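In: next come a sequence and a model predicted from it.
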Amino acid sequence: MSRDVVWSKVPAITLGFWVIKIAATTLGETGGDAVTMTWLGETTSHANPNGYLIGTAIFFCLLVMLVVLQIVAKRFHAFLYWATIVASTTAGTTMADFADRSLGAGYPGGSLLLLGCVMASLGLWYRFEGTVSVTTVNTPRVEAFYWATITFSQTLGTALGDWTADSGLGYAGGALVFGAALAIAAAAYFLTSASRVLLFWAAFILTRPLGATVGDFLDKPLDQGGLAFSRPLASAVIGAFLVLCILIIPQRPGSHPRRET
């Protein structure tokens with residue numbers, strides 16, 4: 001038997017990956033809110049009657065386009081990958097707001113519905129591929145499962161972040177809760193033999209509400225516990241930080257062994 005290495009089309013999971021991921025999810029929150037709440041006025045007296053739906057349509061179309069480009073690409077491209085992540089987290093922001101507010105599902109109902117979608121996506125992925133490890137993302141079918149799961153998890157994270165913030169903890173309190181949960185996942189990674197795949201998906205989901213609460217903390221009004229920064233300005237600053245991280249932090253594709261007879 002000979003042993004080969006198969007290169008994934010997603011980044012290797014490093015500390016730098018998580019730094020960029022949190023920045024991307026924060027940008028997704030402020031960017032999504034900039035369109036639906038600032039541009040379309042959903043939280044103002046002159047709201048567009050379908051603001052969340054319009055925002056969802058805009059970002060979902062962008063997400064589909066980027067996912068197609070990601071799938072047809074022959075190898076890992078850092079900027080394309082992270083642009084797709086930002087599109088998924090921005091679409092997740094508007095989709096969660098649409099489900100929670102426009103459809104009236106509420107935060108508990110929306111969170112449970114989205115958790116079911118994440119579990120169903122992972123279940124189908126495992127059923128057809130025998131694994132849900134991101135190191136195997138190198139075929140169109142696996143990439144389709146990957147991006148569907150990513151989008152559902154980003155949407156779930158938005159709903160969880162909003163639910164936690166509105167439960168009385170506020171945005172800073174919510175950020176502390178999810179930051180602590182991430183610290184527990186990191187401790188489990190270094191101190192236990194818990195499944196690395198399970199810990200990855202737990203951490204991936206948790207970074208989304210962390211980014212959501214940080215983003216809301218930056219742009220929500222002072223009387224709502226935020227810092228009242230302009231959403232477009234906050235998005236521009238976070239976007240610049242994200243690009244800088246991608247340029248500075250080493251980006252390489254993940255890999256996994258393949259055995260051939």
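Out: Now that the structure is in, tell me what you want to look at. Residues are numbered from 1 along each chain as shown.
In: state the three-state secondary structure for Ser193.
Out: Secondary structure assignment for Ser193 (DSSP: H, G, I helix; E, B strand; the rest coil): coil.
In: that one and Thr131: what is the separation?
Out: Distance, Ser193 to Thr131, by CB to CB, to the nearest Å: 18 Å. C-beta: built from backbone N, CA, C; applies to glycine.
In: settle it for me: which of these two has more neighbours?
Out: Set Ser193 next to Thr131 and count neighbours by other CB atoms under 10 Å: Thr131 wins out with 12 against 7.
In: I'd assumed the more buried one was in a strand, is it?
Out: No. Assessed with three-state DSSP, Thr131 is coil; it does not lie in a strand.
In: for the residue nearest to it when sequence neighbours are not counted, give me the pLDDT.
Out: In space, and not counting its chain neighbours, Thr131 is closest to Val197: 7.3 Å by CB to CB, 6 or more residues apart in numbering. Per-residue pLDDT puts Val197 at 91.
In: against Met119, how distant is the residue nearest to the spatial centre of the chain?
Out: By CA atoms, centre = their mean, the chain has its centre lying nearest to Gln154, at 3.6 Å. Using CB to CB, Gln154 is found at 15 Å from Met119.
In: for Ile246, grab the count of nearby residues.
Out: Ile246: 19 neighbours (other CB under 10 Å).
In: list the contacts of it.
Out: Ile20, Ala78, Phe79, Trp82 (CB atoms under 8 Å, 6 or more residues apart in numbering).
In: max pairwise distance over those: which two?
Out: Farthest-apart pair in those is Ile20 and Phe79; separation 11.2 Å (CB to CB).
In: neighbour count for the two, which is higher?
Out: Ile20 (22 against 11).
In: now name the helix or strand holding the residue nearest to the more buried one when sequence neighbours are not counted.
Out: Distances taken as CB to CB, 6+ apart put Cys245 closest to Ile20, at 4.9 Å, once the chain neighbours are dropped. In the assignment (DSSP states H and E), Cys245 maps to helix 231-248.
In: buried stuff in the helix or strand containing Ala183?
Out: Using DSSP H and E, Ala183 falls within helix 170-191. Neighbour-count burial for helix 170-191 flags 170-175, 177-179, 181-182, 185, 188 (criterion: 16 or more other CB atoms under 10 Å).
In: name the helices or strands packed onto the helix or strand following that helix?
Out: Elements were assigned by DSSP H and E; along the chain past helix 170-191, the next helix or strand is helix 196-219. Applying 3 or more CB pairs under 8 Å, 6 or more residues apart in numbering; DSSP states H and E, we find helix 196-219 packed against helix 15-33, helix 78-97, helix 140-164, helix 170-191, helix 231-248.
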